[in-house]
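Peer 1: sharing a model prediction with you, sequence too.
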There are 2 protein chains.
Amino acid sequence: MGDKSYPGAMNDTEWLRLDRQICFSLHAASRAFNGVYRVLLKDLGLTYPQYLVMLVLWEQGDLPVKKLGEQLRLDSGTLSPLVKRLEGAGLVRRERSAADERSVLVRLTGEGAALRERALEVPRRIMSATGFDLAEIVDLRARLDQLTTALDAAAAAEARGAR
Amino acid sequence: MGDKSYPGAMNDTEWLRLDRQICFSLHAASRAFNGVYRVLLKDLGLTYPQYLVMLVLWEQGDLPVKKLGEQLRLDSGTLSPLVKRLEGAGLVRRERSAADERSVLVRLTGEGAALRERALEVPRRIMSATGFDLAEIVDLRARLDQLTTALDAAAAAEARGAR
DNA sequence: CACAATTAAGTTGCGCACAACTAAATGGGG
DNA sequence: CCCCATTTAGTTGTGCGCAACTTAATTGTG
């Protein structure tokens, strides 16, 4: 490499520059998204990851921590303290399952369920903040999911290789 | 899911579900990307944000912390400890500017400059991990940048409105 | 020139992500 | 039946991101 005599051939410097651009774009987009949600969610007293947890609970009802983690691809190291903070805010309760004492069920309180009403305006405000229309959003989401699937597979393969 | 009798009509439940999907997709993609880089960068002893800083330094040479922050949209609260860790690893030195004693110049050491050689294979391995071709990557990057610009503008407008 | 406003870097505190680990309950194989 | 591998939560430690604050140097304005 290091030849730019024909199209598609990039030298080292160009590859690194492109990588910087890609890295930065995704990193910046993620933080920008986070920033807009942070502003909108401030009124609700939620952080962005807490909002994600509440969205899942509003949609699917009470869930054990394990299931929450599967939905959001987060482990107990992240979820345990997060759910405790939601409990501290009075939005959920945690209950040991009687059937399986290892499992902890996260239940919405009345207050937590009621918060949904105040969250209803968030999605539309986000949508308008992006300046994208519905089709573009859906398309972007599809690409991102495709990317995530590929990256997860590659990371798994890499981990296997390093073993 | 629900009524899709005419386009553009979604009820609250569907909006929340869509928002969960979008939030999650971007959040997950960002973390998946981070995860792949984490694996690849482990050999280099760099984290993903540290790699971003090194990419900028390799490309643009020694820079004051301020300029680094502008390039990466990171403030001193994030950069100061990060650069200190890079200094601890022997990759950069920090030097107070003689001309302006407020400013701190971040300079690559020989070791830091040499690390670039070992980083050259990273971009192509990332590219192959995504399963996307160059055109798709470049297109995705353009969309993400567009998104970031819109979101930053919206956040700024929101902040002005709240003041 | 004096002094207030601005600027650059750093510090503190909080929450998230993740790796590595512990503790306790469960379930399966000898 | 007992032991051990597995499963589920939780804890600890590190680094990042960001808000709010501090410190020190510089700039600008009367």
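Peer 2: All right, it came through fine.
Peer 1: can we go C-alpha only for contacts and neighbour counts from here?
Peer 2: OK.
Peer 1: distance check, the nearest residue to A:Gln50 once chain neighbours are set aside against A:Glu70.
Peer 2: In this structure, A:Gln50 finds its nearest non-sequential neighbour in A:Leu82, 6.9 Å apart by C-alpha to C-alpha, 6 or more residues apart in numbering or on different chains. From A:Leu82 across to A:Glu70, the span is 15 Å (C-alpha to C-alpha, to the nearest Å).
Peer 1: which helices and strands sit right next to whichever strand or helix holds A:Thr149?
Peer 2: Per DSSP states H and E, A:Thr149 falls inside helix A:134-162. With contacts defined as 3 or more C-alpha pairs under 8 Å, 6 or more residues apart in numbering or on different chains; DSSP states H and E, helix A:134-162 has these neighbours: helix B:12-42, helix B:122-130.
Peer 1: distance from the shortest one to the middle of the chain?
Peer 2: Mean C-alpha position of helix B:122-130 versus that of the full chain (C-alpha atoms, centre = their mean, to the nearest Å) differs by 16 Å.
Peer 1: hmm, back to that, so for A:Leu82 and A:Glu70, which sits in the more crowded spot?
Peer 2: A:Leu82 (16 against 10; other C-alpha atoms under 10 Å in any protein chain shown).
Peer 1: isn't that one right up against A:Tyr51?
Peer 2: No. In this structure, A:Leu82 is not within contact of A:Tyr51 by C-alpha atoms under 8 Å, at 10.7 Å.
Peer 1: need the residues of chain A near DNA strand C, please.
Peer 2: A:47-50, A:73-79, A:81-82, A:85, A:99-102 (C-alpha under 7 Å from any atom of the strand).
Peer 1: mind doing that once more with 10 Å?
Peer 2: Residues of chain A lying close to DNA strand C by C-alpha under 10 Å from any atom of the strand are A:34, A:46-53, A:69, A:72-86, A:88-89, A:96-103, A:155, A:159.
Peer 1: just for chain A, where's the confidence low?
Peer 2: In the predicted model of chain A, residues A:1-8, A:158-163 satisfy pLDDT under 70.
Peer 1: who are the contact partners of A:Ala29?
Peer 2: Going by C-alpha atoms under 8 Å, 6 or more residues apart in numbering or on different chains, A:Ala29 touches B:Leu144, B:Asp145, B:Leu147, B:Thr148.
Peer 1: turn these into TSV, including neighbour count.
Peer 2: What follows is the contacts of A:Ala29, written out as TSV (neighbours: other C-alpha atoms under 10 Å in any protein chain shown):
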residue	neighbour count
B:Leu144	21
B:Asp145	19
B:Leu147	22
B:Thr148	22
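Peer 1: of all those, which comes closest to B:Gly61?
Peer 2: Closest approach between the contacts of A:Ala29 and B:Gly61, by C-alpha to C-alpha: B:Asp145, at 24.2 Å.
Peer 1: give me the distance between that closest one and A:His27.
Peer 2: From B:Asp145 to A:His27 the distance is 10 Å (C-alpha to C-alpha).
Peer 1: do A:Leu120 as well
Peer 2: In terms of C-alpha to C-alpha, A:Leu120 sits 27 Å off from A:His27.
Peer 1: A:Ala98: helix or strand, and which one exactly?
Peer 2: Applying DSSP H and E, one finds A:Ala98 in no helix or strand.
Peer 1: and A:Glu95, which of the three is it?
Peer 2: A:Glu95 falls in the strand class when you classify it by DSSP: H, G, I helix; E, B strand; the rest coil.
Peer 1: alright, that wraps it up for me.
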